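Chemist: need coordinates for the following:
(chains A and B)
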Amino acid sequence: MLTIYNTLTKKKESFKPLNPPFVGIYVCGPTVYDDPHLGHAKSYVSFDIIVRFLRASGYRVRYVQNITDVGHLLGETNEGEDRILKKAQLEHLEPVEIAQKYERHYFRDMDALNLERPDISSRATGHIPEMIELIQVLLDKGYAYEVHGNIYFEVSTFSEYGKLSGRKVEDMISGTRIDAMSEKRHPADFALWKKADPEHLMQWNSPWGKGFPGWHLECSVMAQKYLGETIDIHGGGLDNQFPHHECEIAQSEAANGKPFVRYFMHNNMVTLNSQKMSKSLGNFITLTDLFDRYGPMTVRFFILQGHYRSPQDFSDTALEAASKGFNKLRDTVINLKKHVDDGYKSEKQVSGQCAVFRTQFFDAMNNDFSTATALSVLFDLSRFANSAMSGDDLESINYALALFEELGEEILGLQFAKQGDRVEDSAEDALMEIIISMRQKVRAEKNWKEADRIRDLLAVKGISILDGVEGSTWKKAVKN
RNA sequence: GGCGGCGUAGCCAAGUGGUAAGGCAGAGGUCUGCAAAACCUUUAUUCAGCGGUUCGAAUCCGCUCGCCGCCUCCA
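Modeler: So this is what the prediction gives:
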C-alpha cells in the first residue's frame, strides 16, 4: 500500500486516487527563460520516479507539466516587465524565440537524465482564452475585482486561503516586503490579469483591455483542463508552496467549489557546497556545466540516494562518491548481461532471495518513495548477483538481471548500459579480443613488463584490463 | 518579526517508539605474477546538548545551542 506525505495535511497518508486506476498528476514546470540547473534536476527526477513507480504499481497515470512561457513579473510595481521579456531584450530575440530556445534546452537536459516526458507539456501562451474564462468566473462569483484594467483575486473572500502554507492573512499585512500602498484592496491580494503598456511585447486582448495573465493562473487552468476540477497529485518545489500553490488553490476552489488537489507533494531544495543556490544569488550551475564533470546518471543516482523531501547538498566529494557507487551497480549489470544465456528473457516472476529483494524494494518505494532505501536493496542485489556469477548459478543470474531491469532501469530510471556501450559494439569487442589474446601470449611467457606496458597504455585510453583466473576481461571507463 | 524544516560514523545518507540500512573513504583477509574487480570480515554502546514521558526513544514532549528554507521570481 502506497503512502504519500501530503503537504496539505503534513502527514503520511494512504494513497487513494479519485478514480482508480487512473491517476492525474500535475507538476509545476519550468519558466523557460534560462538554462536548467541543479534544482530542476532534483525536482523533476523526483517526480519522474513518482510517476514511474505509480505506473509500476498498476496505475494509469496522466502526467501533466506546464511550460511557463509568459514569464512572471519581476516585481509587483514593475508592470510590463517579466523575465522572458528581459531576456528577449538582452539576447535581441523575440520572446517566443527565448521561450522555445530554453524549452529545447530543458528537454535536452531532462532527456539526458532519462526522464520520461510528461504526457502533456502545456504552454501557458496556448491557454490564454481559458485563463480569461476563469478570471470571468471569479469576477462573476465575487472573488475578484478590477482596478484600472488590472484584475486581482480578493484573498479575504476565500476563507481557506493559507491552508497549505499555514499562513494567516492578518499576519501578512505587517509583512514589510508587501507594498501596502498599491491599488489592491489588501496587500495579500494577487493579480489575475495585468494591463499591458502599448510597447509591451507579450499581450493579449481581454474583456478588460490588452494585458497578460497573472502569476498563478496558468496552473489552475491547465490542471483543470487536462485533469479535471479535482486532481490527485500536485507536485512542485517547496519554494512554490507559497505563494504559488496557495494562490492556485484559492483560484481553483473559489471558481469550482471543489477541492483542487487531493495530495500536494513538495520536493526540498538543493544547496551547492552548503550554500543556497538561487537565481537571484547567481550561484546556480547549469546542468550543462555539471554534465561536463559528472554524467547524467551520476546526477540521477546521487539524487536518488537522498529523499525528495530532504534538502540535498551538491559537492564534488558527494558526486564523486555517487559516481563510484553507481559504477559498482553498472559493472554488475554489464557483467550479468555477459553471463546470461541466449535464452534470457526479462521476466518479472522471480523466486527465492530475488523475490525477497523485490518485496523489500517495493516496501521502500511504497513508503513515500524512499529511493535511498530502495537503492540499498539494489546494492544487496549486486552482491547477490556477483556471488551468483562466481558460482555460475544461472537461475540466480537470470533473476538478478530481471530485477535490475525492472527495479533499476524501469522504476528508478537508471541506464546501466547506454546505447553504444561496448556490450553492443562488436567491432570494438573484436579488436579488444585480439589485443587481449596477444597480451595473453606475453603473459604466458611471464613477460610481466610487456604485459603491464600494454595494460598501462590501454589505461591511458580509458580501458581497464582485468586479469582473472580464467583469462582477462576489459571495460571502458565511462562518464555516467 | 511571522511560518516551517534540519542537526545520525571521516564524508554523503536512510531509519520517525522496540534496540543504528546503504554508498564513498579506511583496516584486515581470500583470489591474483602484480594491479584491478569481486567476495568475506571490520569501522557510531550511539543518533547536537540537557531534561521529561515510556517497560523501552535517534524516533514523542520541553528547553538550549547551531544551521537552513519560505514570507520577493525561483524547482
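Chemist: pLDDT below threshold where in the stretch 151-300 of chain A?
Modeler: A:171-181, A:278-282 (pLDDT under 70).
Chemist: for RNA strand B, what is the nearest residue in it?
Modeler: Per Cβ to the nearest atom of the strand, A:G237 is where the stretch 151-300 of chain A lies closest to RNA strand B, at 1.9 Å. The C-beta positions use only the backbone N, C-alpha and C, and glycine is treated the same way.
Chemist: what's the neighbour count on that residue?
Modeler: 21 (other Cβ atoms under 10 Å).
Chemist: partner residues bridging it?
Modeler: A:N267 (DSSP bridges).
Chemist: and it, what does it touch?
Modeler: A:C28, A:G39, A:S43, A:H266, A:N267, A:M269 (Cβ atoms under 8 Å, 6 or more residues apart in numbering).
Chemist: format those as CSV; extra columns: distance to RNA strand B.
Modeler: Converted to CSV, the contacts of A:G237 look like this (distance: Cβ to the nearest atom of the strand, whole Å):
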residue, distance to RNA strand B
A:C28, 4
A:G39, 2
A:S43, 4
A:H266, 8
A:N267, 6
A:M269, 4
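Chemist: which of the residues you listed sit farthest apart?
Modeler: The distance between the two most remote of the contacts of A:G237 (Cβ to Cβ) is 14.0 Å, for A:C28 and A:M269.
Chemist: which of the two has more neighbours?
Modeler: Shown here are A:C28 and A:M269; by other Cβ under 10 Å, A:C28 has more neighbours (22 against 18).
Chemist: can you pull the phi/psi pair for that one?
Modeler: Here is the backbone geometry of A:C28 (degrees, to the nearest 10): phi -60, psi 120.
Chemist: excluding sequence neighbours, find me the nearest residue to it.
Modeler: A:G236 (3.7 Å; Cβ to Cβ, 6 or more residues apart in numbering).
Chemist: hmm, the helix or strand containing A:I303 touching RNA strand B?
Modeler: Using DSSP states H and E, A:I303 falls within helix A:296-305. Yes: judged by Cβ under 7 Å from any atom of the strand, helix A:296-305 comes into contact with RNA strand B at A:Q305.
Chemist: how about the contacts made by the residue nearest to A:C28?
Modeler: A:V27, A:C28, A:S43, A:H244, A:H245, A:M265, A:H266, A:N267.
Chemist: what helix or strand is the nearest residue to the first one once chain neighbours are set aside located in?
Modeler: It stands for A:V27. Leaving aside its sequence neighbours, A:V27 sits nearest to A:G235 (Cβ to Cβ, 6+ apart; 4.2 Å). Element membership for A:G235, per DSSP H and E: strand A:231-237.
Chemist: which element follows that strand toward the C-terminus?
Modeler: helix A:246-256.
Chemist: could I get the CA-only coordinates of that following helix as PDB?
Modeler: Only the C-alpha atoms of helix A:246-256 are listed here, as PDB (Å, rounded to 0.1, in the frame of the first residue of the first chain):
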ATOM      1  CA  GLU A 246      -1.700  28.700  -2.200                       C
ATOM      2  CA  CYS A 247      -2.900  31.000  -4.900                       C
ATOM      3  CA  GLU A 248      -3.700  28.100  -7.200                       C
ATOM      4  CA  ILE A 249      -5.900  26.600  -4.500                       C
ATOM      5  CA  ALA A 250      -7.700  29.800  -4.000                       C
ATOM      6  CA  GLN A 251      -8.400  30.400  -7.600                       C
ATOM      7  CA  SER A 252      -9.500  26.900  -8.400                       C
ATOM      8  CA  GLU A 253     -11.500  26.200  -5.300                       C
ATOM      9  CA  ALA A 254     -13.200  29.600  -5.400                       C
ATOM     10  CA  ALA A 255     -14.200  29.000  -9.100                       C
ATOM     11  CA  ASN A 256     -15.200  25.400  -8.800                       C
END
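Chemist: how deep is A:D331 tucked in, by neighbour count?
Modeler: Neighbours of A:D331 (other Cβ under 10 Å): 15.
Chemist: let me fix that, I meant to ask about A:I285.
Modeler: Count around A:I285 with other Cβ under 10 Å applied: 14.
Chemist: what about it, distance to A:N447?
Modeler: Between A:I285 and A:N447 the distance is 48 Å, computed by Cβ to Cβ, to the nearest Å.
Chemist: and A:K141, by the same measure?
Modeler: Taking Cβ to Cβ, one finds A:K141 at 88 Å from A:N447.
Chemist: what do you get for A:S437?
Modeler: Taken as Cβ to Cβ, the span from A:S437 to A:N447 is 15 Å.
Chemist: hmm, stretch A:194-214 in reach of RNA strand B?
Modeler: No: with Cβ under 7 Å from any atom of the strand as the criterion, RNA strand B is not reached by stretch A:194-214; the gap is at least 9.9 Å.
Chemist: ends of that stretch, what's the gap?
Modeler: Using Cα to Cα, to the nearest Å, one end of stretch A:194-214 lies 6 Å from the other.
Chemist: now swap in stretch A:308-318 and tell me
Modeler: Stretch A:308-318 end-to-end distance (Cα to Cα) = 17 Å.
Chemist: could you give the average pLDDT over it?
Modeler: Averaged over stretch A:308-318, pLDDT sits at 90.
Chemist: let me see the contact set for the residue of the stretch 301-450 of chain A found nearest RNA strand B.
Modeler: Here the stretch 301-450 of chain A gets closest to RNA strand B at one residue, A:G325, 2.4 Å apart by Cβ to the nearest atom of the strand. Neighbouring residues of A:G325 by Cβ under 8 Å, 6+ apart: A:F301, A:Q305, A:F379.
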